[in-house]
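Asks: predicted model, plus sequence, below.
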Amino acid sequence: MTRQQLGIATFIAAGLILAGCNEVETEEPSSVAAQPDPLFGMVGTITPEQVRRGAALVTQGKVYQLGIVTGAETPAWGDREFAMQVFDMGEFGSNKLTGHDDRVVTHIGIGSQIDGFGHIGLDRVYYGGVTADEMFASDGLKVHGAHNIPPIATRGVVIDIAKHFETDVLEPLSSYGAEDIRAAAEAQGVEIRHGDVVLLHTGWLSRIGEAEIFGTRQPGINSDGARYLARLGVVAVGSDTPGLESDAPNEEGAAFPVHAHLLAEKGIHILENMNTAELIADNANEFFFVLGTPRLEGSVQAIINPIAIR
(Lines give C-alpha, C1' and ligand atoms only; values in the text may rest on other atoms or scores of the structure.)
Protein backbone atom coordinates (compact mmCIF):
# COMPACT_ATOMS: atom_id res chain seq x y z
CA MET A 1 0.00 0.00 0.00
CA THR A 2 1.40 3.44 -0.96
CA ARG A 3 1.64 6.28 1.53
CA GLN A 4 -1.30 7.96 -0.21
CA GLN A 5 -3.45 4.82 0.01
CA LEU A 6 -2.50 4.36 3.66
CA GLY A 7 -3.55 7.91 4.39
CA ILE A 8 -6.90 7.40 2.65
CA ALA A 9 -7.51 4.14 4.50
CA THR A 10 -6.67 5.77 7.84
CA PHE A 11 -8.99 8.69 7.10
CA ILE A 12 -11.88 6.40 6.16
CA ALA A 13 -11.31 4.17 9.19
CA ALA A 14 -11.56 7.18 11.46
CA GLY A 15 -14.81 8.16 9.80
CA LEU A 16 -16.22 4.67 10.33
CA ILE A 17 -15.31 4.71 14.02
CA LEU A 18 -16.90 8.11 14.56
CA ALA A 19 -20.01 7.10 12.63
CA GLY A 20 -20.31 3.93 14.67
CA CYS A 21 -20.30 5.89 17.92
CA ASN A 22 -23.44 7.78 16.87
CA GLU A 23 -25.36 4.92 15.22
CA VAL A 24 -28.16 3.13 16.98
CA GLU A 25 -28.31 -0.48 15.71
CA THR A 26 -31.86 -1.71 15.39
CA GLU A 27 -31.22 -4.80 13.28
CA GLU A 28 -30.68 -8.29 14.63
CA PRO A 29 -27.10 -9.19 15.59
CA SER A 30 -24.79 -9.81 12.64
CA SER A 31 -23.36 -13.19 11.78
CA VAL A 32 -20.46 -11.53 9.96
CA ALA A 33 -17.12 -12.91 11.07
CA ALA A 34 -15.16 -9.82 10.02
CA GLN A 35 -15.87 -6.11 9.86
CA PRO A 36 -15.80 -4.52 6.41
CA ASP A 37 -12.49 -3.08 5.30
CA PRO A 38 -12.54 0.73 5.66
CA LEU A 39 -11.47 1.22 2.04
CA PHE A 40 -12.44 -1.96 0.19
CA GLY A 41 -15.63 -2.94 2.02
CA MET A 42 -16.64 -6.56 2.37
CA VAL A 43 -14.46 -7.66 -0.55
CA GLY A 44 -11.53 -6.69 1.63
CA THR A 45 -12.51 -9.38 4.15
CA ILE A 46 -12.05 -12.32 1.75
CA THR A 47 -9.35 -14.55 3.22
CA PRO A 48 -6.89 -16.87 1.44
CA GLU A 49 -8.77 -19.79 3.00
CA GLN A 50 -12.03 -18.59 1.42
CA VAL A 51 -10.29 -18.34 -1.95
CA ARG A 52 -9.02 -21.91 -1.57
CA ARG A 53 -12.49 -23.14 -0.60
CA GLY A 54 -13.96 -21.44 -3.65
CA ALA A 55 -11.34 -22.97 -5.92
CA ALA A 56 -12.05 -26.40 -4.43
CA LEU A 57 -15.56 -26.21 -5.93
CA VAL A 58 -14.04 -26.67 -9.39
CA THR A 59 -14.62 -30.34 -10.21
CA GLN A 60 -15.83 -30.31 -13.83
CA GLY A 61 -13.78 -27.52 -15.32
CA LYS A 62 -16.85 -25.88 -16.87
CA VAL A 63 -16.67 -22.11 -17.24
CA TYR A 64 -19.69 -19.78 -17.41
CA GLN A 65 -19.60 -16.21 -18.73
CA LEU A 66 -21.82 -14.10 -16.49
CA GLY A 67 -21.54 -10.91 -18.52
CA ILE A 68 -23.76 -9.86 -21.41
CA VAL A 69 -22.59 -7.99 -24.50
CA THR A 70 -22.50 -4.22 -24.12
CA GLY A 71 -23.36 -2.30 -27.28
CA ALA A 72 -25.33 0.55 -28.78
CA GLU A 73 -28.59 -1.41 -28.49
CA THR A 74 -28.11 -2.55 -24.89
CA PRO A 75 -30.90 -1.07 -22.72
CA ALA A 76 -29.46 1.56 -20.42
CA TRP A 77 -30.71 3.65 -17.53
CA GLY A 78 -31.61 7.29 -18.16
CA ASP A 79 -29.66 9.01 -20.93
CA ARG A 80 -26.67 6.67 -20.91
CA GLU A 81 -25.21 6.03 -24.36
CA PHE A 82 -22.64 3.77 -26.02
CA ALA A 83 -20.73 4.38 -29.26
CA MET A 84 -17.94 2.28 -30.78
CA GLN A 85 -15.59 3.77 -33.38
CA VAL A 86 -13.19 1.63 -35.42
CA PHE A 87 -10.39 3.09 -37.56
CA ASP A 88 -8.48 1.66 -40.52
CA MET A 89 -4.80 2.06 -39.66
CA GLY A 90 -3.72 1.93 -43.28
CA GLU A 91 -0.79 -0.02 -44.69
CA PHE A 92 2.76 -0.24 -43.31
CA GLY A 93 6.07 -1.72 -44.39
CA SER A 94 7.29 -3.87 -47.22
CA ASN A 95 5.04 -6.70 -46.02
CA LYS A 96 1.96 -4.48 -46.42
CA LEU A 97 0.90 -4.89 -42.79
CA THR A 98 -2.63 -3.66 -42.17
CA GLY A 99 -4.74 -3.28 -39.05
CA HIS A 100 -7.43 -1.48 -37.12
CA ASP A 101 -7.69 0.60 -33.97
CA ASP A 102 -10.74 1.51 -31.93
CA ARG A 103 -12.21 4.03 -29.55
CA VAL A 104 -15.24 3.74 -27.26
CA VAL A 105 -17.27 6.75 -26.18
CA THR A 106 -19.61 5.46 -23.53
CA HIS A 107 -21.24 5.74 -20.17
CA ILE A 108 -19.73 2.93 -18.15
CA GLY A 109 -22.94 1.82 -16.45
CA ILE A 110 -24.28 -0.10 -19.45
CA GLY A 111 -24.67 -3.86 -19.68
CA SER A 112 -23.14 -6.12 -17.04
CA GLN A 113 -21.56 -3.90 -14.40
CA ILE A 114 -20.25 -3.58 -10.87
CA ASP A 115 -21.21 -0.55 -8.80
CA GLY A 116 -18.33 1.05 -6.95
CA PHE A 117 -18.73 2.83 -3.62
CA GLY A 118 -18.62 6.23 -5.30
CA HIS A 119 -21.86 5.49 -7.12
CA ILE A 120 -24.40 5.99 -4.33
CA GLY A 121 -24.33 7.92 -1.07
CA LEU A 122 -26.75 9.29 1.50
CA ASP A 123 -26.94 13.05 2.01
CA ARG A 124 -23.64 13.38 0.08
CA VAL A 125 -21.84 10.92 2.36
CA TYR A 126 -20.51 7.70 0.87
CA TYR A 127 -19.11 4.43 2.19
CA GLY A 128 -16.66 4.94 5.00
CA GLY A 129 -17.91 8.45 5.78
CA VAL A 130 -16.29 9.98 2.70
CA THR A 131 -18.10 13.15 1.65
CA ALA A 132 -18.85 14.11 -1.93
CA ASP A 133 -16.47 17.08 -1.67
CA GLU A 134 -13.66 14.78 -0.57
CA MET A 135 -14.34 12.26 -3.34
CA PHE A 136 -15.62 14.04 -6.43
CA ALA A 137 -13.52 15.33 -9.29
CA SER A 138 -14.83 15.75 -12.83
CA ASP A 139 -11.87 13.86 -14.29
CA GLY A 140 -12.18 10.87 -11.92
CA LEU A 141 -13.03 10.05 -8.31
CA LYS A 142 -10.32 10.88 -5.78
CA VAL A 143 -11.53 8.13 -3.42
CA HIS A 144 -13.47 4.91 -4.16
CA GLY A 145 -12.56 4.76 -7.84
CA ALA A 146 -13.69 1.40 -9.25
CA HIS A 147 -10.13 0.78 -10.45
CA ASN A 148 -9.24 0.09 -6.82
CA ILE A 149 -11.77 -2.73 -6.33
CA PRO A 150 -9.62 -5.74 -5.43
CA PRO A 151 -9.79 -8.92 -7.52
CA ILE A 152 -12.70 -11.05 -6.33
CA ALA A 153 -12.11 -14.79 -6.11
CA THR A 154 -14.44 -16.60 -3.75
CA ARG A 155 -17.40 -18.95 -3.49
CA GLY A 156 -20.42 -17.88 -5.50
CA VAL A 157 -23.99 -19.11 -5.20
CA VAL A 158 -27.04 -18.58 -7.39
CA ILE A 159 -30.48 -18.51 -5.78
CA ASP A 160 -33.43 -19.35 -8.04
CA ILE A 161 -35.98 -16.75 -6.97
CA ALA A 162 -38.10 -17.42 -10.05
CA LYS A 163 -38.51 -21.08 -9.13
CA HIS A 164 -39.43 -20.09 -5.58
CA PHE A 165 -42.38 -18.16 -7.03
CA GLU A 166 -43.19 -21.07 -9.37
CA THR A 167 -42.52 -19.13 -12.55
CA ASP A 168 -39.85 -18.71 -15.22
CA VAL A 169 -39.79 -14.91 -15.00
CA LEU A 170 -40.87 -12.70 -12.10
CA GLU A 171 -43.70 -10.28 -12.70
CA PRO A 172 -42.86 -6.63 -13.48
CA LEU A 173 -42.42 -4.45 -10.37
CA SER A 174 -42.58 -7.46 -8.03
CA SER A 175 -40.18 -7.74 -5.10
CA TYR A 176 -38.84 -10.37 -2.73
CA GLY A 177 -37.29 -10.28 0.71
CA ALA A 178 -35.47 -12.24 3.38
CA GLU A 179 -37.99 -15.05 3.78
CA ASP A 180 -38.13 -15.62 0.02
CA ILE A 181 -34.34 -15.77 -0.28
CA ARG A 182 -34.06 -18.04 2.76
CA ALA A 183 -36.75 -20.40 1.46
CA ALA A 184 -35.35 -20.51 -2.08
CA ALA A 185 -31.85 -21.25 -0.80
CA GLU A 186 -33.13 -23.97 1.53
CA ALA A 187 -35.05 -25.61 -1.34
CA GLN A 188 -31.82 -25.74 -3.33
CA GLY A 189 -29.80 -27.04 -0.40
CA VAL A 190 -27.63 -23.93 -0.48
CA GLU A 191 -26.17 -22.21 2.58
CA ILE A 192 -25.25 -18.56 2.09
CA ARG A 193 -21.99 -17.87 3.92
CA HIS A 194 -19.71 -15.05 4.89
CA GLY A 195 -17.47 -14.15 1.95
CA ASP A 196 -19.92 -15.32 -0.74
CA VAL A 197 -20.98 -13.59 -3.92
CA VAL A 198 -24.76 -14.11 -4.15
CA LEU A 199 -26.51 -14.02 -7.53
CA LEU A 200 -30.31 -13.85 -7.60
CA HIS A 201 -32.02 -15.39 -10.63
CA THR A 202 -35.35 -13.84 -11.61
CA GLY A 203 -35.51 -14.74 -15.30
CA TRP A 204 -35.85 -11.04 -16.13
CA LEU A 205 -32.84 -10.97 -18.47
CA SER A 206 -34.90 -13.00 -20.93
CA ARG A 207 -36.92 -9.81 -21.51
CA ILE A 208 -33.93 -7.65 -22.45
CA GLY A 209 -35.36 -7.19 -25.95
CA GLU A 210 -38.35 -5.36 -24.49
CA ALA A 211 -36.63 -2.02 -24.00
CA GLU A 212 -39.82 -0.24 -22.94
CA ILE A 213 -40.10 -2.28 -19.74
CA PHE A 214 -36.73 -3.95 -19.17
CA GLY A 215 -35.15 -1.06 -17.32
CA THR A 216 -38.25 0.66 -15.97
CA ARG A 217 -40.50 -2.10 -14.56
CA GLN A 218 -37.99 -4.64 -13.33
CA PRO A 219 -38.60 -6.93 -10.34
CA GLY A 220 -36.02 -7.04 -7.59
CA ILE A 221 -34.88 -7.50 -4.05
CA ASN A 222 -36.36 -5.24 -1.37
CA SER A 223 -34.67 -3.63 1.63
CA ASP A 224 -35.56 -6.53 3.91
CA GLY A 225 -33.77 -8.94 1.58
CA ALA A 226 -30.74 -6.67 1.25
CA ARG A 227 -30.39 -6.36 5.04
CA TYR A 228 -30.64 -10.13 5.39
CA LEU A 229 -27.80 -10.76 2.94
CA ALA A 230 -25.70 -8.04 4.56
CA ARG A 231 -26.10 -9.70 7.96
CA LEU A 232 -24.82 -12.95 6.47
CA GLY A 233 -21.59 -11.22 5.46
CA VAL A 234 -21.74 -11.52 1.66
CA VAL A 235 -19.22 -9.50 -0.35
CA ALA A 236 -21.38 -8.75 -3.41
CA VAL A 237 -25.00 -9.17 -4.47
CA GLY A 238 -26.01 -9.49 -8.10
CA SER A 239 -29.01 -10.30 -10.26
CA ASP A 240 -30.09 -10.85 -13.85
CA THR A 241 -31.83 -7.47 -13.79
CA PRO A 242 -30.40 -4.05 -14.74
CA GLY A 243 -30.76 -2.53 -11.29
CA LEU A 244 -30.96 -5.36 -8.69
CA GLU A 245 -33.86 -3.75 -6.77
CA SER A 246 -37.48 -3.44 -7.85
CA ASP A 247 -38.66 -0.44 -9.83
CA ALA A 248 -41.84 -0.35 -7.74
CA PRO A 249 -42.20 2.95 -5.82
CA ASN A 250 -40.91 2.82 -2.27
CA GLU A 251 -43.68 3.30 0.29
CA GLU A 252 -41.54 5.69 2.32
CA GLY A 253 -40.45 7.67 -0.71
CA ALA A 254 -36.82 6.54 -0.44
CA ALA A 255 -34.82 6.47 -3.67
CA PHE A 256 -32.95 3.23 -4.41
CA PRO A 257 -32.92 2.05 -0.77
CA VAL A 258 -31.20 -1.26 -1.61
CA HIS A 259 -28.34 0.51 -3.36
CA ALA A 260 -28.02 2.91 -0.45
CA HIS A 261 -27.91 0.14 2.15
CA LEU A 262 -25.51 -2.20 0.37
CA LEU A 263 -23.11 0.36 -1.12
CA ALA A 264 -23.13 3.33 1.24
CA GLU A 265 -23.86 1.65 4.56
CA LYS A 266 -22.44 -1.88 4.30
CA GLY A 267 -19.64 -1.77 1.73
CA ILE A 268 -21.16 -4.52 -0.42
CA HIS A 269 -20.78 -4.26 -4.17
CA ILE A 270 -23.73 -4.64 -6.54
CA LEU A 271 -23.56 -6.67 -9.77
CA GLU A 272 -26.16 -5.93 -12.45
CA ASN A 273 -27.27 -7.72 -15.62
CA MET A 274 -25.65 -10.99 -14.59
CA ASN A 275 -26.39 -13.84 -17.01
CA THR A 276 -27.50 -16.50 -14.55
CA ALA A 277 -29.64 -18.61 -16.93
CA GLU A 278 -26.98 -21.20 -17.78
CA LEU A 279 -26.09 -21.71 -14.13
CA ILE A 280 -29.76 -22.36 -13.37
CA ALA A 281 -30.13 -24.72 -16.33
CA ASP A 282 -27.16 -26.77 -15.09
CA ASN A 283 -28.21 -26.71 -11.43
CA ALA A 284 -24.85 -25.09 -10.73
CA ASN A 285 -25.90 -23.76 -7.35
CA GLU A 286 -22.37 -23.07 -6.08
CA PHE A 287 -19.19 -22.31 -7.99
CA PHE A 288 -15.88 -20.49 -7.95
CA PHE A 289 -16.60 -16.81 -8.75
CA VAL A 290 -13.76 -14.82 -10.31
CA LEU A 291 -13.70 -11.15 -11.30
CA GLY A 292 -10.90 -8.73 -12.10
CA THR A 293 -12.36 -5.24 -12.49
CA PRO A 294 -11.11 -3.08 -15.40
CA ARG A 295 -8.71 -0.48 -14.00
CA LEU A 296 -10.04 2.74 -15.51
CA GLU A 297 -8.68 5.27 -13.07
CA GLY A 298 -11.30 7.18 -11.12
CA SER A 299 -14.32 5.41 -12.62
CA VAL A 300 -17.57 5.15 -10.69
CA GLN A 301 -18.60 1.77 -12.12
CA ALA A 302 -17.10 -0.87 -14.40
CA ILE A 303 -18.36 -2.95 -17.31
CA ILE A 304 -17.57 -6.54 -16.35
CA ASN A 305 -17.65 -10.14 -17.50
CA PRO A 306 -17.13 -12.23 -14.36
CA ILE A 307 -16.86 -15.97 -14.69
CA ALA A 308 -18.22 -18.87 -12.68
CA ILE A 309 -16.23 -22.14 -12.70
CA ARG A 310 -17.42 -25.51 -11.45
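Replies: Happy to help now that I have it.
Asks: outside of whichever strand or helix holds Arg231, which residues touch it?
Replies: Assigned by DSSP states H and E, Arg231 belongs to helix 223-232. Helix 223-232 is contacted from outside by 27-28, 30-32, 175-178, 180-182, 192-194, 196, 198, 237, 245, 257-258, 261-262, 266, 268, using C-beta atoms under 8 Å, 6 or more residues apart in numbering. All C-beta spots, glycine's among them, are computed from the backbone N, C-alpha and C.
Asks: and it, what's buried?
Replies: 223, 225-232 (16 or more other C-beta atoms under 10 Å).
Asks: farthest-separated two in the residues you listed?
Replies: Ser223 and Leu232 (15.2 Å; C-beta to C-beta).
Asks: hang on, Ile46 packs against Arg155?
Replies: No. If you go by C-beta atoms under 8 Å, Ile46 and Arg155 don't touch, sitting 9.6 Å apart.
Asks: how about the nearest residue to Leu200, chain neighbours excluded?
Replies: Ser239 (4.4 Å; C-beta to C-beta, 6 or more residues apart in numbering).
Asks: residues contacting that neighbour?
Replies: 199-202, 204, 220-221, 271-272, 274, 276.
Asks: Glu272: neighbour count?
Replies: 22 (other C-beta atoms under 10 Å).
Asks: that one contacts Gly243, doesn't it?
Replies: Yes. Glu272 lies in contact with Gly243 (C-beta under 8 Å); the separation is 6.1 Å.
Asks: strands along the stretch 51-200 of the chain, start to end?
Replies: Secondary structure of the stretch 51-200 of the chain (DSSP state E, counting those that start in this stretch): strands at 63-65, 82-92, 97-106, 113-115, 125-126, 130-131, 152-160, 175-176, 197-201.
Asks: between Ile46 and Arg155, which contacts overlap?
Replies: With C-beta under 8 Å, 6+ apart, Ile46 and Arg155 have common neighbours Gly195.
Asks: looking at the contacts of Ser239, which one is closest to Leu122?
Replies: Ile221 (18.4 Å).
Asks: quick check: mean pLDDT of the helix holding Arg231?
Replies: Regarding helix 223-232, the rounded mean pLDDT is 98.
Asks: any idea of the pLDDT on Met274?
Replies: Reported pLDDT for Met274: 98.
Asks: give the contact list for Val190.
Replies: 157, 159, 285-286.
Asks: Val237: what secondary structure?
Replies: Applying DSSP: H, G, I helix; E, B strand; the rest coil to Val237 yields a three-state assignment of strand.
Asks: thought Ile270 was touching it, still the case?
Replies: Yes. Contact criterion C-beta under 8 Å: Val237 and Ile270 qualify, at 6.1 Å.
Asks: any chance of the buried residues of helix 223-232 in JSON lines with distance to Gln85 as columns?
Replies: Formatted as JSON lines, those follow (distance: C-beta to C-beta, whole Å):
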{"residue": "Ser223", "distance to Gln85": "41"}
{"residue": "Gly225", "distance to Gln85": "41"}
{"residue": "Ala226", "distance to Gln85": "39"}
{"residue": "Arg227", "distance to Gln85": "44"}
{"residue": "Tyr228", "distance to Gln85": "45"}
{"residue": "Leu229", "distance to Gln85": "40"}
{"residue": "Ala230", "distance to Gln85": "41"}
{"residue": "Arg231", "distance to Gln85": "46"}
{"residue": "Leu232", "distance to Gln85": "44"}
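Asks: quick one: which of the residues you listed is nearest Glu81?
Replies: Checking those one by one against Glu81 (C-beta to C-beta), the nearest turns out to be Ala226, at 29.3 Å.
Asks: what sits closest to the closest one if chain neighbours are left out?
Replies: Val258 (4.5 Å).
Asks: which secondary structure element contains the one you found?
Replies: helix 257-259.
Asks: which neighbouring elements make contact with that helix?
Replies: Helix 257-259 sits against helix 223-232, with contacts defined as 3 or more C-beta pairs under 8 Å, 6 or more residues apart in numbering; DSSP states H and E.
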